[in-house]
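>>> Need a 3D model of the following:
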Amino acid sequence: MKIFVATIIFLITSLSIHAQVDRTNFRAGLNAGIITGDVSDFYSFSLGVDLLYVWGLSKEIDLGLATGFNNAFGEDETISDGGITISTEFANLQYIPAAAALRVYPSYGFKLGGDIGYAIGVSDGFEGGLYYKPMIGVDINRTTELNVSYAAISNEGTFATVVVGVLFLF
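I've put the predicted structure just below:
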């Protein structure tokens, strides 16, 4: 009987510990960013949607898949020289990231991590390229995360944004 009771207590304790560690979940949210890098003169800001599914590997580490959609808004540029004025409008730049995601939790509610993969160009003339996104995040509550990141796409130059995002956990 003592072994039976000890086994039940062990199972209940194990399940409650597992429930506190397991952060396997789906996350979706919005982001906004300022364009930096090689094309900052041609684009003003970006808006996007983030989708992320992570598996809690341990108390400190999550591994997952990240995707979404991002749109950088093109600028109107006017150049004047010697009485000649040239005006051009840059089309919006759009891409879908397809990346692996890693999150490390050095303390409760605070995370460091990043995504790495490929950005699939959706807009005309943008092929995409290597996509990487280091980030820092903090949990606002049990279902909401606020993060800051640097998202970059490298392919014969760098398209980069400094991004602030909010994610909701499901």
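>>> mind checking how far Asn70 is from Leu102?
Using CB to CB, to the nearest Å, one gets 20 Å for the distance from Asn70 to Leu102. Every C-beta, even on glycine, is put in place using the N, C-alpha and C of the backbone.
>>> so where do the strands sit in the chain?
Using DSSP state E, the strands of the chain run over 25-37, 43-56, 61-74, 76-81, 84-89, 93-107, 110-121, 128-141, 144-154, 158-169.
>>> hey, what's Leu30 bridged with?
For Leu30, the beta-bridge partners under DSSP bridges are Val49, Val166.
>>> cool, Met135 as well?
Assessed by DSSP bridges, Met135 has beta-bridge partners Gly113, Ser149.
>>> count of neighbours near Asp50?
By other CB atoms under 10 Å, 24 other residues sit near Asp50.
>>> My error: substitute Gly125 in the last question.
7.
>>> Could you list which residues are in contact with it?
Ala91 (CB atoms under 8 Å, 6 or more residues apart in numbering).
>>> remind me which residues of this protein are low pLDDT?
Within the chain, the segments meeting pLDDT under 70 span 1-22.
>>> can you rerun that using 80?
For the chain, residues meeting the criterion pLDDT under 80 lie at 1-23, 37-38, 79.
>>> what is Asp81 paired to in the beta sheet?
Taking DSSP bridges as the rule, Asp81 bridges to Ile84.
>>> How many residues are close by it?
Using other CB under 10 Å, Asp81 is surrounded by 7 other residues.
>>> Okay, Ala32 and Thr88: tell me how far apart.
For Ala32, the distance to Thr88 equals 25 Å [CB to CB].
>>> Check Asn71 too.
As judged by CB to CB, Asn71 and Thr88 stand 19 Å apart.
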